[in-house]
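> Need coordinates for the following:
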Amino acid sequence: MASVVFPIPTIPTIHRSFASSTPIPINRFSLSQPRSLLSLDSCPFRSHFHFSSTSSRFIPLASLSSDALPSSDVPPDDSLHSLEEARLAVSEYLQRLGVSEEESVSIASNSPRFLKMLVDGVRELDETSMWISWSSEGERPVGDGFGFKEKVELMAREKGDNGKVAFLESAGMNLSSAMNVARYLSGEMLPSLIYKVKYMKELFFSGSGDGKLIGKSARRMMTNLSIPPDDDVQQTLSFFEKIEARRGGLDMLSSNEESFRLLLESFPRMLLLSIQSHVKPMVEFLEAIGIPKERMRGIFLSFPPIIFFGTEVLKSRIMTFEKVGIVEMEFGKLLPKYPWITSNCIQGNLKQIVSFFELEKVPNASITDAIRSWPLILGSSASRLELMVDSFDELGVRSKKLGQVIATSPQLLLQRPQEFLQVVSYLEEIGFDKETVGRILARCPEIFATSVEKTLRRKLEFLISIGVSKTQLPRAIRKYPELLVSDPDRTLFPRIRYLRQRGLSKRDIAFMVGRFSPLLGYSIEEVLKPKLDFLVNVMEKPIKEVVEYPRYFSYSLEKKITPRFRMLKERNIECNLEDMLGKNDEEFAVMFMDDKGT
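Just a heads-up that it's a prediction; the model follows:
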């Protein structure tokens, strides 16, 4: 589109200064979102200004609401015409500041409150005949020969923000927030600011639809922090609280224009960073340690202050983790899980956590594995962890066994003791003593992170429903506690269905599970099918033999079942599965390989 150029009279020097006005604290923004005043359907001008939260087209005059119009008592048609002239004036003013025509049209069309402020200001000066006070000595008075549009541009220049307020409103901020942030960014040129906002939005808000996962991670970090936050974490918490207060809450953290607006208002300093010398080198460094670009937005949104650190600061904070055995490339896997590990408060707490576990005589390898698996434990105070460790100790789980538990299920350390004790009490109700409960904890700690009502009770009901008697339940669980965390639909039912297809009855399967509960944990393709095929097709035994000895499935087909079967066949010896497989090599040799035995 060709530029529309209007003759502009010489504009007198303005003595008021935007930068000299009293600063408004950045943390006191009004967070209410103004109603959109723009129609999405009319006007031929389209923009590539992608970060605007409203249409990038011209404002259709007939669609404007009354609160966007000048506040004078002029007829509506004159008001609409005045606003249209004001929009053109702002667009041309922005172009003189180095903004492209298309983007200037977009900004002017998406900053109705700013335009209204200018128009109201012009009307007020017209009504009070105060334009004469704007003229410098020796210059032609502003009122002489100045049209309405020229006065609007003069008013825009007098604001002293060099177009930044209009731009920030078009990016989604309300007018008061835009003015506050513009003061903070007073040294930035408008074209540079536009570029930075576009780049930051791309960095923080582009990518796959994993917004709910990012929000869930943010909520988990908030919930599990029990140490005093440093300034960076506190700022992040305040940002999260603002997001959580809006519709959709933290689930909308990475997929909402409102979130981007709140991000800019909460961290305006990021718009002072150099994209070329600061932000891009940091992105390249994160890629170098193994973080894909599409996962970076989760890091930046979960901990926005990390963008201020720079590569050298990040490297120094990575070195802290090298002292506990986590090298740079492993840190690249750790950072997306818990971006706060780069904060000062978490870095300081790392030493406290390691010292605590060393006093509990937990092996260093287990400590490192726990941090790798669940770095959120670093946001917990040692005193909070001690509550759970004491609960483990009462069950006989300490030192090396404690290391096994935290390496496998470190999330248990962040449980409330009463939640843990509910599971302990339920297992005791089933018939286990504390020692057995401790052994179950050491073998399958994830059981203790489940809900009694939603998980454990339902799993027991399932076992009873397939025919396992209540008297057999303790034995079945003791031998294979993983039953309590196995998914019936994905794990247990398919195995039962397969065994039924091979000719075993429901009663047979219940009897087998009661005697050897690990049966339901074996893979169909890798264990059940090949061993049943060998039993029936090679050994020529009836499938019912596994009912009496379901432990058959626990032996290696290549290393034990096949070699022993061949040895017996060479000697024409017939025996049941338990005699064939249940003895160690020495007992087997004495019984079957000795000439006297044959």
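
> Which parts of this protein belong to which domain?
Split into domains by automatic domain parsing, the chain comes to 1-20+34-187, 192-338, 343-449, 450-554.

> Mean pLDDT and distance to residue 582 added to those domains, as CSV?
Placement of C-beta: from N, CA and C, glycine included. Converted to CSV, these look like this (pLDDT from 0 to 100; distance: least, C-beta to C-beta, whole Å):
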stretch, mean pLDDT, distance to residue 582
domain 1-20+34-187, 69, 71
domain 192-338, 91, 43
domain 343-449, 95, 23
domain 450-554, 94, 7
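
> quick one: which of the ones you listed is nearest residue 567?
domain 450-554 (12.7 Å; C-beta to C-beta).

> ends of that closest one, how far apart?
One end of domain 450-554 sits 28 Å from the other (C-alpha to C-alpha, to the nearest Å).

> what's the answer for stretch 524-543, then?
Using C-alpha to C-alpha, one end of stretch 524-543 lies 16 Å from the other.

> List of residues touching it?
Stretch 524-543 is contacted by residues 494-495, 498-499, 502-504, 522, 545-546, 552-553, 557, 561-562, 565, 577 when judged by C-beta atoms under 8 Å, 6 or more residues apart in numbering.

> try 7 Å this time
With C-beta atoms under 7 Å, 6 or more residues apart in numbering as the test, stretch 524-543 has contacts from 494-495, 498, 502-504, 522, 545-546, 552-553, 557, 561, 565.

> Kindly report the same for stretch 409-427.
Stretch 409-427 is contacted by residues 224, 370, 373-374, 376-377, 380, 385, 387-388, 391, 405-406, 437, 440, 445-450, 452, 456 when judged by C-beta under 7 Å, 6+ apart.

> I'd assumed residue 341 was in contact with residue 334.
Yes - using C-beta atoms under 7 Å, residue 334 makes contact with residue 341 at a distance of 6.4 Å.

> Tell me which of these two has more neighbours.
Higher neighbour count among residue 334 and residue 341: residue 341, with 25 against 20, using other C-beta atoms under 10 Å.

> Touching, the more buried one and residue 378? I think so.
Yes - using C-beta under 7 Å, residue 341 is in contact with residue 378, at 6.2 Å.

> Hmm, residue 430 and residue 473 touching each other?
Yes - at 6.4 Å, residue 473 counts as touching residue 430 under the criterion of C-beta under 7 Å.

> Among the two, which residue is more densely surrounded?
Applying other C-beta under 10 Å to residue 473 and residue 430 shows that residue 473 carries more neighbours, namely 18 against 15.

> Pull the contacting residues for that one.
430, 460, 463.

> from these, which ones fall inside helices?
Counting by DSSP state H, these place 430, 460, 463 in helices.

> Make a markdown table out of those residues and add distance to residue 80.
Formatted as a markdown table, the ones in helices among the contacts of residue 473 follow (distance: C-beta to C-beta, whole Å):
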| residue | distance to residue 80 |
| --- | --- |
| 430 | 77 |
| 460 | 73 |
| 463 | 75 |
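
> Nearest residue to the middle of this structure?
Nearest residue to the geometric centre of the chain (C-alpha atoms, centre = their mean): residue 214, 1.9 Å.

> Please tell me I have it right and that one contacts residue 299.
No - applying C-beta under 7 Å as the test, residue 214 and residue 299 come out as separate, 9.4 Å apart.

> Please identify every residue contacting each of residue 334 and residue 341.
With C-beta under 7 Å, 6+ apart, residue 334 and residue 341 have common neighbours residue 375.

> Would you quantify the distance from the residue nearest to residue 344 when sequence neighbours are not counted to residue 347?
Excluding the flanking residues, the one nearest residue 344 by C-beta to C-beta, 6 or more residues apart in numbering is residue 230, at 4.4 Å. To residue 347, residue 230 is 9 Å away according to C-beta to C-beta, to the nearest Å.

> returning to what we had before: pick the one among the contacts of residue 473 closest to residue 162.
Among these, residue 460 lies closest to residue 162 (C-beta to C-beta), at 70.4 Å.

> Now a ChimeraX select for only the buried ones of the contacts of stretch 409-427.
Those of the contacts of stretch 409-427 that count as buried under 16 or more other C-beta atoms under 10 Å are selected in ChimeraX with:
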select :224,370,373,374,376,377,380,385,388,391,405,406,437,440,445,447,448,449,456
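
> In helices, which of the contacts of stretch 409-427 fall?
370, 373, 385, 387, 388, 391, 405, 406, 437, 440.

> Spell out which two among those residues are the most distant pair, please.
Pairwise distances across the ones in helices among the contacts of stretch 409-427 peak at 23.1 Å for 373 and 437 (criterion: C-beta to C-beta).

> which parts of the longest helix along the chain are buried?
When the chain is parsed with DSSP H, its longest helix is helix 76-96. By neighbour count, with 16+ other C-beta under 10 Å as the criterion, the buried positions of helix 76-96 are 79-80, 82-95.

> and what of stretch 513-521?
Residues of stretch 513-521 classed as buried under the neighbour-count rule (16+ other C-beta under 10 Å) are 513, 514, 515, 516, 517, 518, 519, 520.

> My guess is residue 257 contacts residue 171. True?
No - using C-beta under 7 Å, residue 257 makes no contact with residue 171, being 8.9 Å away.
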